[in-house]
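Q: Sequence first, then the predicted structure, then my questions.
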Amino acid sequence: MQDRTAVAVLVIRVKVYIINRRERMLVLSRRPTQRIIIDDRIAVEVIEIRGDKVRIGVTADADVPIDREEVWIQKQQLATTGSESDS
């Protein structure tokens, strides 16, 4: 069990890019085992860095869908195609 009374100072270089009026992208550096927490419900952790590949783990509540972007796009296309064929 780790001693939680220790205080660590961490300097992180952060950049925020404005994508459009409603979106922004936070860009920061992480090392293996470090996490990013999103909305108290999602944790993104760097599992491993090997060459040009980064393995990440995503922990979220069971009701939060988690997909790779290409899978999400396919689901969106299927949902659009399905709703068009229903009419």
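A: Perfect, I can see it now.
Q: which ones are touching V44?
A: Remark: with contacts taken as C-beta atoms under 8 Å, 6 or more residues apart in numbering, V44 is in contact with 35-36, 38, 56-58. Just so you know, the C-beta spots here come from the backbone N, C-alpha and C atoms, and that holds for glycine as well.
Q: Name the SS class of it, please.
A: strand (DSSP: H, G, I helix; E, B strand; the rest coil).
Q: show me where this protein has helices.
A: For the chain, the helices defined by DSSP state H occupy 69-86.
Q: low-confidence ranges in the protein?
A: Screening the chain residue by residue with the criterion pLDDT under 70, one finds the ranges 1-17, 83-87.
Q: Report the beta-bridge partners for the residue minimising distance to the centre of it.
A: Centroid check for the chain by C-alpha atoms, centre = their mean gives V44 as the closest residue, at 5.2 Å. V44 forms beta bridges with I36, V58, as assigned by DSSP bridges.
Q: if we can go back for a sec, output the contacts of V44 in JSON lines; the columns should cover neighbour count.
A: Supplementary listing: these in JSON lines, determined by neighbours: other C-beta atoms under 10 Å:
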{"residue": "R35", "neighbour count": "14"}
{"residue": "I36", "neighbour count": "14"}
{"residue": "I38", "neighbour count": "13"}
{"residue": "I56", "neighbour count": "13"}
{"residue": "G57", "neighbour count": "11"}
{"residue": "V58", "neighbour count": "13"}
